[in-house]
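Novice: I would like to see how this sequence folds:
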Amino acid sequence: MAYAEVSVNAPLAQRQTFSYSIPAGLAVTPGQAVWVPFGDKQLQGIVIELTDLPAVAETKDIAGVIDDHPVLSPEQVTLARFISDYYLSPLFDAVGLMLPPGFERKPLTFVAINPDYNSSQLSSISPELRDAFELIQKQGRTGLRQLEKTLGKKKAQTAVSQLVRRGLAVRSYELEAVKIRPKTELYISLKTSTGEARQEAVSLRQKRAGKQADLLDFLTQQDEPVSWAETRQQTKVTRATAAAVAACC
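Specialist: Coordinates of the predicted model:
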């Protein structure tokens, strides 16, 4: 059996890795993001290295992979370990510096009835557990948060744990939706020729629209579109001034 040393996204992990066994049929590589059991939770982790022998006598299995491809290169894994050792920082904090935006999302827990459950077990469970079982069966695969709203947080968590332990239900995990959005930057440029823009600037000054003229003069000096941030810094014009120029010129 092969094993993996995993940096786990948990405050208690600090600078160490944790040994996990790699289940048969699951292929993982260093730098890959995986789900691992950690206490009573399922957490994100990054595979740091593969080993033939674990650092502890008993290990738990890696629960699954988050992405089929590594999120860190071998060089980044090495750098993260160096940062953690040199600055005495938690290893996952160092790893996190190199993770793609949006990676550190919370895992969402889902529950579904085990398709291979033994129906004879239903006669031996409590009425509360049967209610939870029937609710999950009726709703199909459902989020733990939704069950907590219906049954109460403590009751839902206890029921799910017991159903999973008895083989009546199965858990699965997904990352919450990405909350970050692509950053966009506004650029501005002339839509007319430089000569026409200069003539228009003269006309605007005659009309005492000096700021609009300043903007046109600035743009005539640019060989390519320029960011609005730089334009505003250089000319001190407002969005309203730029909009007025765009409307008339």
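
Novice: What is the helix or strand of the chain with the lowest mean pLDDT packed up against?
Specialist: Lowest mean confidence among the helices and strands of the chain (mean pLDDT, DSSP states H and E): strand 169-175, at a mean of 80. Strand 169-175 is packed against strand 107-113, helix 153-165, with contacts defined by 3 or more C-beta pairs under 8 Å, 6 or more residues apart in numbering; DSSP states H and E. Yep, even glycine has a C-beta here, placed from its N, CA and C like the rest.

Novice: what's the distance between that strand and the middle of its chain?
Specialist: 17 Å (C-alpha atoms, centre = their mean, to the nearest Å).

Novice: Now do the helix or strand following that strand: which elements does it pack against?
Specialist: Note on strand 169-175: by DSSP states H and E, the next helix or strand toward the C-terminus is strand 187-188. The contact analysis (3+ C-beta pairs under 8 Å, 6+ apart) places strand 187-188 against strand 226-227, helix 228-235.

Novice: Tabulate the ones you listed in TSV, adding columns for mean pLDDT.
Specialist: Shown next, in TSV, are the helices and strands packed on strand 187-188 (pLDDT from 0 to 100):
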stretch	mean pLDDT
strand 226-227	94
helix 228-235	92
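
Novice: about what we covered before: can the helices and strands packed on strand 169-175 go into a markdown table with extra columns for mean neighbour count and distance to residue 225?
Specialist: Listed next are the helices and strands packed on strand 169-175 as a markdown table, based on neighbours: other C-beta atoms under 10 Å; distance: least, C-beta to C-beta, whole Å:
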| stretch | mean neighbour count | distance to residue 225 |
| --- | --- | --- |
| strand 107-113 | 17 | 42 |
| helix 153-165 | 16 | 53 |
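
Novice: Just the CA coordinates for the least confident helix or strand of the chain, please, in PDB.
Specialist: C-alpha atoms of strand 169-175 as PDB (Å, rounded to 0.1, in the frame of the first residue of the first chain):
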ATOM      1  CA  ALA A 169     -26.600   6.700   4.200                       C
ATOM      2  CA  VAL A 170     -23.500   8.000   2.500                       C
ATOM      3  CA  ARG A 171     -21.800  11.400   2.700                       C
ATOM      4  CA  SER A 172     -20.200  13.300  -0.200                       C
ATOM      5  CA  TYR A 173     -18.500  16.600  -0.300                       C
ATOM      6  CA  GLU A 174     -18.200  19.600  -2.700                       C
ATOM      7  CA  LEU A 175     -16.500  22.900  -2.500                       C
END
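
Novice: With that, I have no additional questions.
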